[in-house]
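K.L.:
prediction below, plus the sequence it came from.
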Amino acid sequence: MSSIDKTKKKNIIKLALFAGVIILLIALIKTTGADQYLDKERLHSWIKGFGPWGPLVYILIYSITPILFLPGLPVTVAAGLAFGPVYGTIIALVGATIGACLAFFVSRYFARSQIENLLEGKLKKIDEGVEKKGWVYVAVTRLIPVFPFNLLNYAFGLTKIRFSHYAITSFICMFPATAAYVVLSSSLFDLLEGRVTPELIIGVAMLAAVSAVPFIYNKLKK
């Protein structure tokens, strides 16, 4: 099985798990009656009460998530719930980019030998990809996650890629998936109340488009 085919399978599994978690969450909230305590405006007002500290604390939490090899999806979903589709996307993307950059620096300057042992032979393929394609390889692996996201952050720190190229490309190419999950999650409160909002429709469409990228890439490559 090729790496692209494996990525397709991973994307399908990831989407199925995401959908399953959302359905289970909604069912749990509805059956326990917890939906009466969940209100979008109340949550947003509570977040605004922290002033600039709310987004900053969130960014801090997100920035350490990749370093600790913690899953970023729950944190991304939280951005949509807490900050809405637009600001949530911006704040989540900033946090994810800072986290990716911190892992890059740790790998390049502080824990090279440990990261090399952790990669267990995968570094050669990534190093060759960067050598041949440079920032384009970073873009492809961000859009088509052949390797685990957190592991990839560390791996790029061991290559010859320039930090500026890595950071800018990561920021741009992480945007589609981040925006899709944040926009979709921002509609969950309305979905709990039985309302289908534009954010839900747009989020589903964006998520479908992001999931189709490996298929499109494979067709173009052939």
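P.N.:
Perfect, I can see it now.
K.L.:
so what touches the helix or strand hosting Thr76?
P.N.:
Element membership of Thr76 [criterion: DSSP states H and E] is helix 73-83. Residues outside helix 73-83 that contact it (C-beta atoms under 8 Å, 6 or more residues apart in numbering) are 18, 43-44, 47, 54-55, 58, 61-62, 65, 88-89, 91-92, 95-96, 178, 181-189. Any C-beta I mention is one placed from the backbone N, CA and C, and that applies to glycine too.
K.L.:
next, the buried residues of it.
P.N.:
Leu73, Val75, Thr76, Val77, Ala78, Ala79, Gly80, Leu81, Ala82, Phe83 (16 or more other C-beta atoms under 10 Å).
K.L.:
can you check stretch 196-216 too?
P.N.:
Buried, per 16+ other C-beta under 10 Å, within stretch 196-216: Thr197, Glu199, Leu200, Ile202, Gly203, Met206, Leu207, Val210, Ser211, Val213, Pro214.
K.L.:
for these, which one is nearest Ile161?
P.N.:
Nearest to Ile161 among the buried residues of stretch 196-216, counting by C-beta to C-beta, is Val213 at 21.4 Å.
K.L.:
quick one: that closest one from Ile98, how far?
P.N.:
According to C-beta to C-beta, to the nearest Å, Val213 stands 24 Å off from Ile98.
K.L.:
what sits against Ala100?
P.N.:
Pro66, Asn153, Ala167, Ser170, Met174.
K.L.:
excluding its backbone neighbours, what's nearest the fourth one?
P.N.:
In space, Ser170 comes closest to Ala100 once its chain neighbours are excluded; the distance is 5.1 Å by C-beta to C-beta, 6 or more residues apart in numbering.
K.L.:
does Leu93 really touch Thr178, like I thought?
P.N.:
Yes - Leu93 is within contact range of Thr178, at 5.0 Å (criterion: C-beta atoms under 8 Å).
K.L.:
quick check: Phe171 touching Leu93?
P.N.:
Yes - contact criterion C-beta under 8 Å: Phe171 and Leu93 qualify, at 6.8 Å.
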